[in-house]
Structures are given as C-alpha cells and as structure tokens.
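S.K.: Below: sequence and its predicted model.
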Amino acid sequence: MAAREAVRPNEASQGVLDRVFKLTENGTNVKTEILAGLTTFVTMSYIIAVNPDILSTGTGMDESAIFMATILAAALSTLVMGLVANWPVALAPGMGLNAFFAFTLCGALGLTWQQALGAVLISGFLALIVTLTGLRELMIRAIPMSLRHAVSAGIGFFIMLIGLMNAGVVVASEATTIALGDFSNPATLLALIGLVITGVLVARKVTGGILLGILITTIIGIPMGVTQLPASVVSAPPSLAPTLFKFTFDGLFSVGMITVIFAMFFTDLFDTIGTFVGVASKAELMDEQGNMKGGSKALIMDSLGTIIGSLLGTSNTTTYVESAAGVSVGGRTGLTAVTVAVLFLLSSFFSGLFLAIPSAATAPALIIVGVMMASSITEIDLNDFGIALPAIITALMMPFAYSIAEGLAMGFVAYAVIALFTGRARKVHWMMWVLSVFFVVHFIAQTLQG
C-alpha cells in the first residue's frame, strides 16, 4: 500500500505534463522528451561560449553580461516556445547574426553597441509585424530559392572568415590584403589543433561534437599557456546590468540604416523558415497539405525571441537547426524545449568555466558552423549563368565586403538586372522588384554620403 502511495505523486505529475504538452497524442513520453531536450542542449550549448567571445571582441561589450544575456535570451525564448507553441525547438542568439551585429553594425558601420541593440529590437518588432500580417509568407514566396541558398552560403563564408581571423590563421596584409598568419603562435597552433579535433568529431557525427571540440581544445590550451584557468568553476550568475535595457534608437532612421536593419531582418527570416520546415518535417508537425501544425504560434514566439534578446543585451535570437538533434531521438512536444530552457538556466552557475574558454578554442567552432552553412551553395544551379551569377555575388560579397547586408543588397540588385535583360522579368515576383529598388536607393544614398 505504501509503495502504491509513493508512486502517486509521480503519476500525477506525468498526468499533468501529458495534458499540458499532449504527450500521448504526439506519441511520446516524459523520459523521451527530457532525453531529447538534453540532446538538443548539448549540440547547441557551444553558443554560451562563442556568443560572448564574438560580441565582446567586436563591440567592447561586457563579456560577463553578454554571457548572462545569451543564457537568459535562450532560456526565456525557448521556454515560451515550449509552453505556448508546444514545439520541440530551441532558440538562442544566432550564429551569423551575432557576427553581423559585431562586425557590420559596430565594425564597418561604426555604430555603438547600444545603437546595434536598438537595430536588433527594431528588426524583432518588424519580424513580429510581418508574421502577424502574413507578409512573411509573401516575402518568402517572392525570393527565389537560388538567392535563399546563396544567403545561407554567404553567411557561412563570412563566419568562416571571422573564425580564421580569430584563430590567427589569416591576418591583414598591406601587400596582399590578406595573408597567412604565424603558425608558431601558440594560440594559432591551438586553433589548428582544435579545428582538426572538432572536424573529426563532427564528421563522425558525435553528439555535441562542436561543444566537445571546444572543451577538449580548451584543456589542451592549459599546458600551452593559452587557456587561463578560472578561480572557481561554480559561482553565482554574473550581473546583467551592463547590457540590460541599454538599447538606443539614435541615428537608426536614415535610409542607409533602414536598409541594414531590413537586411538583418531578412537574414533572420530565411534562417528561421529553413529551420522550421526542416525540424517540422522530422518531428511530424506537418499536415497533409504541407502546412506546419501550430506554425503561426511558433513563428510569433521566434519573433518575440529577438525582442527578448535585444532587451537583455544580445544579438538576434533565432530558432536553432540543432533542434533537429533532439527531434531525431524522439522529441515531439514543447517539453523538449522546456528541458533545454532549464539546462540553459543551470549553466549560468558555470560562468567561470565558459568565460575561461579562449578565442583559439571557439574559432574552430566558427569555421565548422560556417562550413555547414556554406554547403547550401550546392543547391544552386550553377549551370544556369543567369541564376549562378547573382547567387555567387550574394555569397562572396558577404565576406569580401565584410558585410552580410551589402552582400544581400548586391545579390538582389544583380538578380533583378540580369532578369530584366535576359527576358526573365515576368518570372520575377513583384516583391523582388520592390526590394531591388529599395537596395538601389540604399547604394545611391551611400554614394552621396561618401
């Protein structure tokens, strides 16, 4: 009798979770969902170390505050996704978008990080409005697949370049613009070792390969004098005060800046949609007509994620493709997302450990993620020159111009111009013409300002 009494609370809690997340209806259970959440967290938690490194290096923001903002943005956004949309996907500050924040907004354009946060907040509200009005779907239909793949590939090349520069593998050169770095430098040597280790782990499909690669590289860096051990591994979460609500809108409403914000929104848009469709298919969240079940709620939660992140003090928060790892082991409901959120919150007590990870250990992760994103170039029909030229311009101008926004703008204009003079104008969606004219105005304004 006592044994029967002892299991009742557990049964009751499982019953509550079943009702909230519709576990039985989705053919899953609590154990499977928690395992799926753990799997997703392990595969994406590298962002806890990488995001503070990118943003603090590129903007001068307080690294400890960014660490906390990264964790809270991921935890709160993922929690809302799980509870409201009941989707097994996790969110965090996006790779590529954090590079855009640091190296385009604060680097090339010279904005303060407070202005950059304001730009992120605007792009978040823009995404929310576009989602609520149905314009998001129209924009997605308007952009040809070749340019969508090119945007992903271009961001991949851009991230790879940043990773190689952070590693010291390539450096600026007056003679050749860019050249090989000093491989005798301990940090550069450690980064190369880390690249091999991480590359092998990912190639062998080891769960959490990127995070494991970062940790192993960090450990190897101790005897090399690159990794500096923290005073304590477990500590109270750092203060969020240096970045919390520090955004400003000053200087963000010129024609040039509106274009940049629009490019940021577009990049986030494509990244999210691609992830949603892929994960929804694997999680059996697609109906017979190919529509995502509860997709509108999930897209709204994704838009709210960017708004939450900007208020806390980090770059655009987006849905992570690594969510597919959790789905692959059975994650089907929001309980998977809630598990990820809890694990992110727990990681806030290990700031000393994460912040001790050197750039030489995170640089390989950037290069690996960049390669993954750049692989979408294979989806472009390179035999059709009218398609290949604007796509390649889009992809290569992102690293060459050191700006995702400029690469996107040049690719869109090139696509419209080539279509106009090759008899393909009627096949181009009217929204593409609007966007192309918008980018032409951006270049004209930029020229006049110069």
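M.R.: Right, received. Where do you want to start?

S.K.: Can you list the low-confidence ranges for the stretch 51-200 of the chain?
M.R.: Under the criterion pLDDT under 70, the flagged ranges of the stretch 51-200 of the chain are 136-137, 140.

S.K.: which residues in it form strands?
M.R.: Counting by DSSP state E, counting those that start in this stretch, the stretch 51-200 of the chain has strands at residues 91-93, 170-173, 177-180.

S.K.: now for the first one, which elements pack on it?
M.R.: It stands for strand 91-93. Packing partners of strand 91-93 (3 or more CB pairs under 8 Å, 6 or more residues apart in numbering; DSSP states H and E): helix 47-59, helix 63-80, helix 295-312, strand 317-319. No exception for glycine: its C-beta is placed from N, CA and C like everyone else's.

S.K.: Including mean neighbour count and distance to residue 379, could the ones you listed go into JSON lines?
M.R.: JSON lines is the format used below for the helices and strands packed on strand 91-93 (neighbours: other CB atoms under 10 Å; distance: least, CB to CB, whole Å):
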{"stretch": "helix 47-59", "mean neighbour count": "25", "distance to residue 379": "25"}
{"stretch": "helix 63-80", "mean neighbour count": "26", "distance to residue 379": "28"}
{"stretch": "helix 295-312", "mean neighbour count": "24", "distance to residue 379": "23"}
{"stretch": "strand 317-319", "mean neighbour count": "28", "distance to residue 379": "20"}
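
S.K.: Quick check: what element follows the host helix or strand of residue 354 along the chain?
M.R.: Assessed by DSSP states H and E, residue 354 sits inside helix 351-355. Beyond helix 351-355 in the direction of the C-terminus, DSSP H and E gives the next helix or strand as helix 359-374.

S.K.: Please state the mean pLDDT value computed over that next one.
M.R.: Confidence for helix 359-374, expressed as mean pLDDT, is 85.

S.K.: Pull the distance from that helix to the chain's centre.
M.R.: The chain centroid and the centroid of helix 359-374 are separated by 13 Å under CA atoms, centre = their mean, to the nearest Å.

S.K.: Now do the helices in the stretch 101-250 of the chain.
M.R.: Along the stretch 101-250 of the chain, the segments classed as helices by DSSP state H, counting those that start in this stretch run 113-133, 135-142, 145-167, 186-203, 209-220.

S.K.: Find the one among these with the highest mean neighbour count.
M.R.: Between the helices of the stretch 101-250 of the chain, helix 145-167 has the highest mean count of neighbours, a mean of 24, where neighbours are mean count of other CB atoms under 10 Å.

S.K.: what's the helix holding residue 354 packed up against?
M.R.: Using 3+ CB pairs under 8 Å, 6+ apart, the elements in contact with helix 351-355 are helix 47-59, helix 63-80.

S.K.: May I see the ones you listed arranged in a markdown table, with distance to residue 369 as well?
M.R.: Output for these, formatted as a markdown table (distance: least, CB to CB, whole Å):
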| stretch | distance to residue 369 |
| --- | --- |
| helix 47-59 | 8 |
| helix 63-80 | 16 |
